[in-house]
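>>> okay, here's the prediction I keep looking at, along with the sequence it came from:
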Amino acid sequence: MTDFKSESYTNLLESHTRLNNYIKISTVSVDYLYNSKEDNKELSNLINSLILNSGERWTPRVIKEPKKQLELIKNDLTKSAIVWVYSAFDIFFKQVQGILSEHFIIKDDKSLNEDDKQHKILELYKKLNWDNKEIKTYLPILKFYESIRHCTAHNMGKPSLKLIELSKSNDFKEAITNWKTKFPKKKISAPPIIKDNIITLKPHHTIIYSETCIRIAKDLNLKMFNKLGLEYFIDKTIQKHLLSNNKLTDPKCQNLTRYLVYHLKKEINISITPYENIFKYYNEEQIEDYKKRYSSIKNNS
């Protein structure tokens, strides 16, 4: 069932798409403004005019060295997007971890850094006896960008000693070298420059970070399905759209079979054919009860 997409994974993919739009539109907007005036004074006046006419409760201000400020803004936009990616992947991982938690013992390890996602992922794979070969090469990149996020959130955007060490590590350099691009003859772009008190980022770095998360999440998503099985997700769909609700979710289909198959496909991209196979995990009495409930709710709505 390689097409399966859990709700958590779908949300992460949607976040990745919005991130692409956010970072690309923001970047070209700043560049457009940067190139709109050659003279600094004219550029400053233009920015003041735009601020005044923005519809916000802002008063004009003199922007000294506007071109320099716009360059800094591009870097700051990238940092904000790094925080975005971190949050999106953190939510995804915690949701998956919660779903799978009944299959392993959760230990309250106070020595474990809450922000060390690489360690948490490897621990999850170990507990469930999963092979990590599909994600191992991406983990140093994940750890590197998460460190940039921590520096942005907790160190005023300045590099920590840990980030500097990560940027120089062989694991990180090898991961960048071995990154498989979507186009065989192309290589991944150079990583952010980390030196002294400056983290120099390019807007595309946020997309690389997000793509790293997507590749790890894709493996987690598939392994979760294989672990839980089709029956688990059919049962969750029945619970959500039939048993825990006194109102049917649109569209109201001709019969229960079509109704459940529709929501499985729409919500988690699971296709079942023939439709009747959706009930192969249930006995005749259960099936009859489900069908009666569906008819009752449908007729009363």
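Ah, there it is.
>>> any low-confidence regions in the chain?
1-2, 105-115 (pLDDT under 70).
>>> what about the helices in it?
Taking DSSP state H, the helices of the chain run over residues 7-36, 40-52, 66-100, 117-127, 139-154, 161-168, 170-177, 204-228, 230-238, 256-268, 284-299.
>>> OK, contacts around the nearest residue to Cys253 once chain neighbours are set aside?
Spatial nearest neighbour of Cys253, excluding adjacent residues (C-beta to C-beta, 6 or more residues apart in numbering): Tyr259 at 4.1 Å. Bear in mind the C-beta positions are built from the backbone N, C-alpha and C, glycine included. By C-beta atoms under 8 Å, 6 or more residues apart in numbering, Tyr259 lies in contact with His241, Leu242, Leu248, Lys252, Cys253, Tyr294.
>>> repeat that for Leu100.
By C-beta under 8 Å, 6+ apart, Leu100 lies in contact with Leu124, Leu128, Met224, Lys227, Leu228.
>>> now these: which count as buried?
Leu124, Met224, Leu228 (16 or more other C-beta atoms under 10 Å).
>>> quick check: Leu260 touching Glu276?
No - using C-beta atoms under 8 Å, Leu260 is not in contact with Glu276, being 10.9 Å away.
>>> looking at these two, which one has more neighbours?
Leu260 (22 against 11; other C-beta atoms under 10 Å).
>>> give the contact list for the more buried one.
Ile234, Thr237, Ile238, His241, Leu242, Ile278.
>>> if we can go back for a sec, between the contacts of Tyr259, which is nearest Phe93?
His241 (26.4 Å; C-beta to C-beta).
>>> any idea how far Gln69 is from Gly157?
Gly157 sits 15 Å away from Gln69, going by C-beta to C-beta, to the nearest Å.
>>> an error on my part: the question was meant for Pro140.
Taking C-beta to C-beta, one finds Pro140 at 34 Å from Gln69.
>>> ok, these two, which is more surrounded?
More neighbours surround Pro140 than the other of Pro140 and Gln69, with 20 against 16 (other C-beta under 10 Å).
>>> so the nearest residue to Trp84 once chain neighbours are set aside versus Ile238, what's the distance?
Spatial nearest neighbour of Trp84, excluding adjacent residues (C-beta to C-beta, 6+ apart): Leu19 at 6.0 Å. Look at Leu19 and Ile238: by C-beta to C-beta, they are 34 Å apart.
>>> neighbour-wise, which of these two wins?
Ile238 (23 against 19).
>>> domain parsing for the chain?
72-228, 230-299 (automatic domain parsing).
>>> can I get the ones you listed in CSV with distance to Glu7?
Below are those laid out as CSV (distance: least, C-beta to C-beta, whole Å):
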stretch, distance to Glu7
domain 72-228, 8
domain 230-299, 6
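>>> deepest-packed of the ones you listed, please.
When you average the neighbours per residue for each of those (mean count of other C-beta atoms under 10 Å), domain 72-228 leads with a mean of 16.
>>> centroid-nearest residue for this protein?
Here the mean C-alpha position of the chain is nearest to the C-alpha of Leu12 (C-alpha atoms, centre = their mean), at a distance of 3.3 Å.
>>> grab the nearest non-local neighbour of that one.
Per C-beta to C-beta, 6+ apart, closest to Leu12 is Phe92, 4.5 Å.
>>> quick check: that neighbour vs Gly98, distance?
Taking C-beta to C-beta, one finds Phe92 at 11 Å from Gly98.
>>> got it, and Tyr86?
19 Å.
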